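1. I need the structure of the sequence given here:
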Amino acid sequence: MYVGCDLTFWMIIAVDSPSSSQEILISQEMTTSWVFKGERHYRYQVRVKNNSAKTLQSLKLLVMDVHGPLWGLSKTGLMTYTFPTWIKSLASKQSFVFIYIQSLPSNASISIVSAVFT
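-> The predicted structure is shown next:
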């Protein structure tokens, strides 16, 4: 059963660097839900966009409150993640997507631990 995009969460995070402030835009939305063995599950899509004029060379995200599988990021610690293996950097104004599944209709908590621009 398709639910649509009724839950959308946007945040703009400014990452300070010595020369200027760079922006990373993170948006997440519930894209669908379904019932499996009597339980409803929710699929969320998260878009991470490099909104700066520089290339994003490295990124570390803290992803909390996910109660199911997560695809499209490489795990670096207990709740920390970086670019997926097929992305080495993110050019200016480019984005990538990752997916997670929840057993409740609630957004994950996503924050930036570190970001390096060149």
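2. Checking the most centrally placed residue in the chain next. Helix, strand or coil?
-> The residue lying closest to the centre of the chain (C-alpha atoms, centre = their mean) is residue 46, at 4.3 Å. Of the three states, residue 46 takes strand under DSSP: H, G, I helix; E, B strand; the rest coil.
3. My understanding was that residue 89 contacts residue 55; is that so?
-> Yes. Residue 89 lies in contact with residue 55 (C-beta atoms under 8 Å); the separation is 5.3 Å. All C-beta atoms are positioned from the backbone trio N, CA, C, and that covers glycine.
4. show me the contacts for the residue nearest to the centre of the chain.
-> Residue 46 makes contacts with 26-28, 97-100, 108, 110, as judged by C-beta atoms under 8 Å, 6 or more residues apart in numbering.
5. what about the strands in the chain?
-> Listed in chain order, the strands of the chain (DSSP state E) span 8-16, 21-36, 39-50, 56-64, 70-71, 74-75, 80-82, 95-102, 109-117.
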